[in-house]
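Asker: sequence first, predicted model second:
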Amino acid sequence: MKYIDLHVHSCYSDGTMTPAELVEYALKKNLAAIALTDHDTIEGVSEIMNAAGGKDLKVIPGVELSVDYKGTEIHILGYHIDFRNSELNDTLVRVADIRDKRNEKMCALLNEGGYPITYRELLDECGENVITRAHFAHFLIRRNAVASVEEAFNGPLNVKSPYYVVREYLGPAEAISLIKKHGGIAVLAHPLLYKFSVSQLHEMCEALKILGLEGIEVMYSTNKGTDEAFVNKLAKEHDLIVTGGSDFHGSNKSHIEMGSGMGTLRVPETVLEALEQH
């Protein structure tokens, strides 16, 4: 049996590989299919579809949208989206503009606090990619302002830091509607990462299902013990499609491998078959 990975990031968001490199890496890993799910952008989708042309690898066009759910940032994956649609692209550009203004403000605050960073320099190094906290962290590492990504996230980039600027997010209804309107299937990403109680998870699944959520990421890199069984039960109780992926970011998350996560992840081809039948 061959396996798949439905949660992969490229350099167009906070991954380190180009879309073409992801294709070659997936082939090296003997995967049957991958989904490109960059954060709040579909800029790399055309490139990865072209790179996979004529090769023994199926690529699913996707996106991972950041969403505000009752004050907590959650992520909604969109699979099989119409990535050529101008309205979808325009909406994501609007989201990017809001994010860019936030990043510019964070750079100014960090600079005022003595950290060697300016927005112009950050843009020069990151190009047109979606800039996330990971980009901030690596920039500060290159300037010897912090020693590691962990130090950056626990220090100046921590959400409770005086330099941190709260992001504006899409609402759940807008995000799910955006995915479905443009031919996609909306799936809740890594539900256990939000640290909700069991009752809160059920409440969230029920609320999002009403808005059009169709699936939940059951198989995920950080699952331990009975985690997968618990999320699978959650999927059954709320009649949600089961999906799975590693959340591969290349060297930005070097402990997570494409296709196998932290060593034990295995997402069978049958998961993709069920998704596409839906």
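Answerer: Happy to help now that I have it. None of these values were measured; they are calculated from a predicted model.

Asker: mind giving me the domain ranges of this protein?
Answerer: Following automatic domain parsing, the chain resolves into domains at 3-91+169-277, 97-154.

Asker: start to end distance for the longest one?
Answerer: Between the opening and closing residues of domain 3-91+169-277 we find a distance of 18 Å, counting by C-alpha to C-alpha, to the nearest Å.

Asker: start at 3, not 1
Answerer: Let's use 3 as the start, then, which means that last one is domain 5-93+171-279.

Asker: about what we covered before: for Pro164, which of the domains of the chain is the nearest?
Answerer: Closest to Pro164 of those is domain 99-156 (C-beta to C-beta; 7.1 Å). Backbone N, C-alpha and C define where each C-beta goes, glycine included.

Asker: before we move on, the earlier item: buried deepest among the domains of the chain, which one?
Answerer: Ranked by mean neighbour count, those are led by domain 5-93+171-279 with a mean of 19 (mean count of other C-beta atoms under 10 Å).

Asker: pLDDT (mean, whole number) over that one?
Answerer: When pLDDT is averaged over domain 5-93+171-279, the result is 96.

Asker: that one: how far from the chain's middle?
Answerer: The chain centroid and the centroid of domain 5-93+171-279 are separated by 7 Å under C-alpha atoms, centre = their mean, to the nearest Å.

Asker: now tabulate the domains of the chain in CSV and tack on distance to Ser163.
Answerer: Converted to CSV, those look like this (distance: least, C-beta to C-beta, whole Å):
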stretch, distance to Ser163
domain 5-93+171-279, 16
domain 99-156, 9
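
Asker: let me know which of those is the nearest to Tyr165.
Answerer: Closest to Tyr165 of the domains of the chain, according to C-beta to C-beta: domain 99-156, at 4.4 Å.

Asker: and the gap between Ile83 and Glu89?
Answerer: Distance, Ile83 to Glu89, using C-beta to C-beta, to the nearest Å: 12 Å.

Asker: surely Ala175 touches Leu213?
Answerer: Yes - the pair Ala175 / Leu213 is scored as a contact, 5.1 Å apart, by C-beta atoms under 8 Å.

Asker: phi, psi for His240 please.
Answerer: phi -110, psi 10 (degrees, to the nearest 10).

Asker: which non-adjacent residue is nearest it?
Answerer: In this structure, His240 finds its nearest non-sequential neighbour in Cys207, 4.4 Å apart by C-beta to C-beta, 6 or more residues apart in numbering.
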